[in-house]
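In: next comes the sequence, and after it the predicted model I'd like to discuss.
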Amino acid sequence: MAAAMPGVKLGLDEYKSLKSKFATLLVNAEDMAALACGWFNEEEFAGRMRMYEAAVLARIRQAGVAAQQCAAEVVAAAEVAAAEGATAGGGGGGGNNVNDAHAFPSTPVQMDCSLVPFRGGVWLMCSLCYGHVDEQGALHTSKVYCVRFSQADPTGADTIETPPYGRASTGALRAARAAIAAFAADLPGAGLHVAVLRLGQGLLPLLHDSRMTMALRGAAAATAAGGCQVHPSSAYRRVLAAAAAADAANEAAARQRRQEQLQGQRQQLQVADQEPAAAGTAGPSAAGRGQQASAATPAGHGGGGGGGGRMLMAAPSPRPMRAEPVDADDCLLGYLIGNSRSAPGGGALGLGYGGSAAAAAAAGAAGAAAGAAAGAAAGVAAAASGRTGGISPMQC
């Protein structure tokens with residue numbers, strides 16, 4: 001983001017230019033432009049952002065309840081049609097009040113986070129995706145950018161956009177981890193909970209961070225709602241897939257080398273066992289004497305020579321390939337459908353990034369049919385299939 005350095009104020013023309021750029025994505029473009037121009041200090045900006053955030057969360061909650069009701073009606077109609085064998089579903093609970101917040105104590109949202117350069121430093125931008133129902137009654141997702149915006153590092157603006165994933169300092173990652181956990185913990189007060197977390201530029205080292213896992217698990221437990229899935233941003237989909245393919249190719253080459261080494265050892269042992277037999281014809285061979293001595297030796301004592309007592313380690317079995325990251329709409333809509341009939345608190349914290357659009361839909365159907373247990377199994381499976389794709393986890 002273009003902005004003035006701390007302690008420098010820009011003029012009206014720069015403000016108008018920045019405002020027009022920010023307005024393409026941000027509802028609060030005026031406040032962002034004023035902060036970028038140095039017209040606000042960080043305390044004033046934080047106060048205005050709190051008011052803006054409260055209004056946004058209230059609108060998301062209202063729209064989310066309608067989306068949850070719509071998802072519940074879709075699932076109910078499908079269950080009735082499956083039970084009765086009808087070709088055309090009925091009303092499916094059309095008499096329910098779509099704005100009944102008591103029926104849905106918490107609304108799932110997707111949090112998209114990334115680190116961006118701003119005013120010479122690195123700032124954390126947190127956006128929210130939520131479900132809503134359009135005029136035709138169809139279920140969709142929309143995104144509100146920059147619901148929360150805070151500084152993670154006063155320096156590092158020149159390196160945060162380093163390809164391919166962005167490079168952030170350890171201090172910036174620590175601050176971002178704390179800010180993400182704080183935002184997730186604040187959402188239940190507005191009737192929301194984080195169902196999906198997507199990590200973008202500079203934040204991929206947090207994908208498998210244990211402290212992030214614990215913070216999200218604590219926030220999910222506090223909401224008494226479903227679990228949280230963690231994925232990389234879709235912007236890195238191809239890059240991560242290529243990195244994972246390279247990792248798999250390196251592992252396959254390493255396995256091949258180990259198998260070749262084991263095969264060479266086997267051949268050497270076979271040659272060593274055959275040499276005593278070829279050396280003379282009188283008397284038992286060294287290998288035979290070794291086998292006899294081994295047979296006569298009690299268990300737990302060293303046996304005689306020969307190759308009969310030697311063991312070789314088997315080559316390790318290959319690990320499964322990691323699937324591609326899930327699209328945002330598929331992931332959040334699958335969560336809405338899959339948890340629309342589940343009891344609160346029934347999900348699991350499935351960390352890692354795996355699956356596909358079809359897998360997300362299948363997980364949603366399984367959650368609708370089997371409830372919380374199926375959701376937990378899907379989360380564990382997603383965690384088991386996650387791989388780093390060449391990204392070093394955060395160590396701090």
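Out: Okay, I see it. Numbers count the residues shown, from 1 in each chain.

In: for the stretch 151-300 of the chain, which spans come out with low pLDDT?
Out: Filtered on pLDDT under 70, the stretch 151-300 of the chain yields the residue ranges 220-226, 277-300.

In: where along it do the strands fall?
Out: All strands of the stretch 151-300 of the chain, identified by DSSP state E, counting those that start in this stretch, fall at 192-199, 229-232.

In: which of those strands sits most buried?
Out: Each of the strands of the stretch 151-300 of the chain was scored by mean neighbour count; the highest is strand 229-232, a mean of 26, by mean count of other C-beta atoms under 10 Å. Using the backbone N, CA and C atoms, a C-beta is placed for each residue, glycine as well.

In: helices or strands up against it?
Out: strand 192-199, helix 328-338 (3 or more C-beta pairs under 8 Å, 6 or more residues apart in numbering; DSSP states H and E).

In: average pLDDT across the longest one?
Out: So the one you mean is helix 328-338. Mean per-residue pLDDT for helix 328-338: 65.

In: where does the prediction get shaky in the stretch 1-150 of the chain?
Out: Looking at the stretch 1-150 of the chain by pLDDT under 70, you get 1-7, 86-101.

In: and the helices in it?
Out: Assigned by DSSP state H, counting those that start in this stretch, the helices in the stretch 1-150 of the chain fall at 12-22, 29-36, 42-84.

In: I figured residue 110 hits residue 332, correct?
Out: Yes: between residue 110 and residue 332 there is a contact under C-beta atoms under 8 Å: 4.7 Å.

In: who touches both of these two?
Out: Common contacts of residue 110 and residue 332 (C-beta atoms under 8 Å, 6 or more residues apart in numbering): 129, 130, 141, 195, 196.

In: since we're on the first one, how many residues are nearby?
Out: One way to gauge burial is a neighbour count; for residue 129, by other C-beta atoms under 10 Å, it gives 21.

In: ok, it to residue 145 distance?
Out: 10 Å (C-beta to C-beta, to the nearest Å).

In: what's the answer for the second one, then?
Out: Between residue 130 and residue 145 the computed distance is 12 Å (C-beta to C-beta).

In: of these two, which one has the most company?
Out: The residue with more neighbours, out of residue 130 and residue 145, is residue 130; 25 against 17, by other C-beta under 10 Å.

In: bridging residues for the more buried one?
Out: In this entry, residue 130 is beta-bridged to residue 142, by DSSP bridges.

In: now residue 123
Out: Taking DSSP bridges, one obtains residue 116, residue 151 as the residues bridged to residue 123.

In: how about it, what does it touch?
Out: 115, 116, 117, 149, 150, 151, 152.

In: and which of those is nearest to residue 263?
Out: Residue 263 lies nearest to residue 115 out of those, by C-beta to C-beta, at 48.7 Å.

In: give me the nearest residue to that closest one, chain neighbours excluded.
Out: Leaving aside its sequence neighbours, residue 115 sits nearest to residue 202 (C-beta to C-beta, 6 or more residues apart in numbering; 3.5 Å).

In: so the one you found touches residue 159, yeah?
Out: No: using C-beta under 8 Å, residue 202 makes no contact with residue 159, being 9.1 Å away.

In: shared neighbours of these two, anything?
Out: Both residue 202 and residue 159 are contacted by 167, 168, under the criterion C-beta under 8 Å, 6+ apart.

In: who has more neighbours, these two?
Out: The residue with more neighbours, out of residue 202 and residue 159, is residue 202; 29 against 15, by other C-beta under 10 Å.

In: redo the strands of the stretch 151-300 of the chain as CSV? Include distance to residue 11.
Out: Formatted as CSV, the strands of the stretch 151-300 of the chain follow (distance: least, C-beta to C-beta, whole Å):
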stretch, distance to residue 11
strand 192-199, 36
strand 229-232, 39
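
In: residue 163: which of those is closest?
Out: strand 229-232 (14.9 Å).

In: that closest one pairs with which strands, parallel or anti?
Out: Applying DSSP bridges, one finds strand 229-232 paired with strand 192-199 (parallel).

In: what are the contacting residues of the strand it pairs with?
Out: Contacts for strand 192-199 (C-beta under 8 Å, 6+ apart): 57, 60-61, 64, 106-114, 129, 180, 184, 187, 206-207, 216, 219-220, 223, 225-234, 328, 331-332, 335, 339, 347.

In: ok, now how distant is residue 172 from residue 73?
Out: Counting by C-beta to C-beta - residue 172 and residue 73 are separated by 44 Å.

In: of the two, who's got more company?
Out: Higher neighbour count among residue 172 and residue 73: residue 172, with 25 against 20, using other C-beta under 10 Å.

In: leaving out sequence neighbours, find the closest residue to that one.
Out: Distances taken as C-beta to C-beta, 6+ apart place residue 153 nearest to residue 172, at 3.8 Å, with adjacent residues excluded.

In: verify the contact between the one you found and residue 169 for me.
Out: Yes: using C-beta under 8 Å, residue 153 is in contact with residue 169, at 5.7 Å.
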